[in-house]
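> the following block contains a protein sequence and its predicted model.
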Amino acid sequence: MPTDTSSKVPARLAALRRRLGEHAPALGGVLVTEAENRRYLSGFAGSAGQLLVSQAAGLLLTDFRYVEQAATQAPGCEVVKTEGHAWPFVAEQIARLGLKQIGFEAEHVTVDQHLRLQEALREKAPGAELVPLRGFAEDVRQVKDPSEVEAIRRAVLISDRALEHVVAGLMPGVTEREVAWRLEVAMRERGADALSFPTIVASGPNGAMPHHRASERPIQAGEPIVIDMGCRLNGYCSDMTRTVVLGDPDPMFWEIHAIVLRAQQACEDGLKAGMLGKEGDMLARKVIEDAGHGDHFGHGTGHGIGLAVHEDPYLSRSRGEMMLRAGAVTSVEPGIYLPGWGGIRIEDLVVIGETRCQVLTTAHKAPVVEIGAR
């Protein structure tokens, strides 16, 4: 059953309005167009619409296809029906509310959309000015309330059990693409609404590519298989990686797997609110660097997750300037990638706490799948 977020909307809009008053007091309102931000702030899960929020009003503009849905899912907003291009209707509402400076999501509005909205404002609301904002609504979304954590936990359990079910039945010769399909079926059978991203199954040397797409390559005994998967349930995402091997791996596998597991454990043991994302990244990275594989770990240690599979905050050298806050949910996914041999990545989802983090992922990390008895 879909999660009812309507009761959460007033508090979320209030948080956005507080942020508006504290960080952008000159603005009369904010135009929210990014899908996850719109859903978080209004409760509306449709694929098209604009949310206009001022200190006194919350308007949800959408077309004929979604008017009834919007009225049901977003009872805290005034629903405005649009036809054709939405921007003239947005401009009319900006004029009706008397707004002179309106923030917009610079990272999510295309150049064409910006030009069309400016043109509509010149006609419908002369003098109104658009002001670019970055990460404005995302900042409000970073801290998950208990119902959001529970939604993520339920999605995690689906992907955890699906992985264990499929991996237990693997045999050499099955293709990466077939394994990816089996994982999708297993998640759907356990209640998933959709995948949160295309499932990665990267066997042997393909595992050296962190975002390899599953191919027709047959999986062979003794080689590492990186499986990165997740699902959506009631809008919220899971994300998990395990690296397994069918039968007996080579000594390199055990060496690299042990390093990656130590790096993940060091991060999960030390991650807490108040540190910067780049400091969280270094908890895992230092272990890998000290083991001589710093050049083989080229991505960040983790990313936020919620309504989007990648969102703030980031555990990263390049994107980790944000302070971690209690209640944020992130991945912890160190990896080592060796061209020509393969890769190993292990990923959990965790909830950031004041003194440490809580691990949500429950899938076991035993890498070897026995095949001799079959």
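Cool, the structure landed. Numbering: from 1, shown residues only.
> which residue ranges of the stretch 251-374 of the chain form strands?
302-304, 311-315, 329-332, 335-338, 342-345, 348-352, 357-359, 368-369 (DSSP state E, counting those that start in this stretch).
> want to try a markdown table for those strands, with mean pLDDT and distance to residue 67 as columns?
(Each C-beta comes from the backbone N, C-alpha and C, glycine too.) As requested, these are exported to a markdown table (pLDDT from 0 to 100; distance: least, Cβ to Cβ, whole Å):
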| stretch | mean pLDDT | distance to residue 67 |
| --- | --- | --- |
| strand 302-304 | 98 | 32 |
| strand 311-315 | 97 | 28 |
| strand 329-332 | 98 | 33 |
| strand 335-338 | 98 | 46 |
| strand 342-345 | 98 | 44 |
| strand 348-352 | 98 | 36 |
| strand 357-359 | 98 | 41 |
| strand 368-369 | 91 | 51 |
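> select, out of those strands, the one closest to residue 274.
strand 348-352 (9.4 Å; Cβ to Cβ).
> that closest one: how far from the chain's middle?
Between the centre of strand 348-352 and the centre of its chain there are 12 Å (Cα atoms, centre = their mean, to the nearest Å).
> helices or strands up against that strand?
Applying 3 or more Cβ pairs under 8 Å, 6 or more residues apart in numbering; DSSP states H and E, one finds that strand 348-352 contacts helix 146-168, helix 251-270, strand 329-332, strand 357-359.
> switch to 10 Å and redo it
Contact analysis of strand 348-352 by 3 or more Cβ pairs under 10 Å, 6 or more residues apart in numbering; DSSP states H and E lists helix 146-168, strand 240-246, helix 251-270, strand 302-304, strand 329-332, strand 357-359 as its packing neighbours.
> any buried residues in the first one, and which?
Neighbour counts over helix 146-168 (16 or more other Cβ atoms under 10 Å) mark 148-149, 151-160, 162-163, 166-167 as buried.
> looking at the strands of the stretch 251-374 of the chain, which is closest to residue 58?
Per Cβ to Cβ, nearest to residue 58 of those: strand 311-315, 22.2 Å.
> that closest one vs helix 251-270, what angle?
110 degrees (axes from the mean of the first three to the mean of the last three Cα atoms, to 10 degrees).
> just the CA coordinates for strand 311-315, please, in CSV.
Extracted in CSV, the C-alpha atoms of strand 311-315 (Å, rounded to 0.1, in the frame of the first residue of the first chain):
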residue,chain,number,x,y,z
GLU,A,311,21.2,12.7,-3.5
ASP,A,312,22.8,14.8,-0.7
PRO,A,313,24.9,14.2,1.3
TYR,A,314,28.0,12.7,-0.5
LEU,A,315,30.9,10.9,1.1
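> shouldn't residue 334 be in contact with residue 264?
Yes - the pair residue 334 / residue 264 is scored as a contact, 5.4 Å apart, by Cβ atoms under 10 Å.
> which one's more surrounded, the two?
residue 334 (31 against 25; other Cβ atoms under 10 Å).
> show me the contacts for the more buried one.
Residue 334 is in contact with 241, 259-267, 281, 283-285, 287-288, 293, 297, 299-302, 315, 344-347, counting by Cβ atoms under 10 Å, 6 or more residues apart in numbering.
> again, only this time at 8 Å
260, 263, 264, 267, 284, 285, 287, 288, 297, 301, 345, 346 (Cβ atoms under 8 Å, 6 or more residues apart in numbering).
> which of the residues you listed has the largest number of neighbours?
residue 301 leads those on contacts (other Cβ under 10 Å) with 30 neighbours.
> dump the helices and strands packed on strand 348-352 to JSON lines, plus distance to residue 125.
Shown next, in JSON lines, are the helices and strands packed on strand 348-352 (distance: least, Cβ to Cβ, whole Å):
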{"stretch": "helix 146-168", "distance to residue 125": "35"}
{"stretch": "strand 240-246", "distance to residue 125": "47"}
{"stretch": "helix 251-270", "distance to residue 125": "49"}
{"stretch": "strand 302-304", "distance to residue 125": "35"}
{"stretch": "strand 329-332", "distance to residue 125": "39"}
{"stretch": "strand 357-359", "distance to residue 125": "46"}
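> select, out of the ones you listed, the one closest to residue 101.
Nearest of the helices and strands packed on strand 348-352 (Cβ to Cβ): strand 302-304, 29.1 Å.
> which strands and helices lie in contact with that closest one?
Against strand 302-304 (3+ Cβ pairs under 8 Å, 6+ apart) you get strand 311-315, strand 329-332.
> in JSON lines, list these along with mean neighbour count and distance to residue 51.
Listed next are those as JSON lines, based on neighbours: other Cβ atoms under 10 Å; distance: least, Cβ to Cβ, whole Å:
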{"stretch": "strand 311-315", "mean neighbour count": "24", "distance to residue 51": "18"}
{"stretch": "strand 329-332", "mean neighbour count": "27", "distance to residue 51": "23"}
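> convert stretch 246-258 to PDB, retaining C-alpha atoms only.
Extracted in PDB, the C-alpha atoms of stretch 246-258 (Å, rounded to 0.1, in the frame of the first residue of the first chain):
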ATOM      1  CA  LEU A 246      31.200 -19.300  -7.800                       C
ATOM      2  CA  GLY A 247      33.500 -21.900  -6.300                       C
ATOM      3  CA  ASP A 248      37.200 -21.300  -5.300                       C
ATOM      4  CA  PRO A 249      38.600 -17.800  -5.900                       C
ATOM      5  CA  ASP A 250      42.200 -17.000  -6.500                       C
ATOM      6  CA  PRO A 251      44.400 -15.600  -3.700                       C
ATOM      7  CA  MET A 252      44.000 -12.100  -5.100                       C
ATOM      8  CA  PHE A 253      40.300 -12.200  -4.500                       C
ATOM      9  CA  TRP A 254      40.800 -12.900  -0.800                       C
ATOM     10  CA  GLU A 255      43.400 -10.200  -0.400                       C
ATOM     11  CA  ILE A 256      41.300  -7.500  -2.100                       C
ATOM     12  CA  HIS A 257      38.000  -8.600  -0.500                       C
ATOM     13  CA  ALA A 258      39.600  -8.300   2.900                       C
END
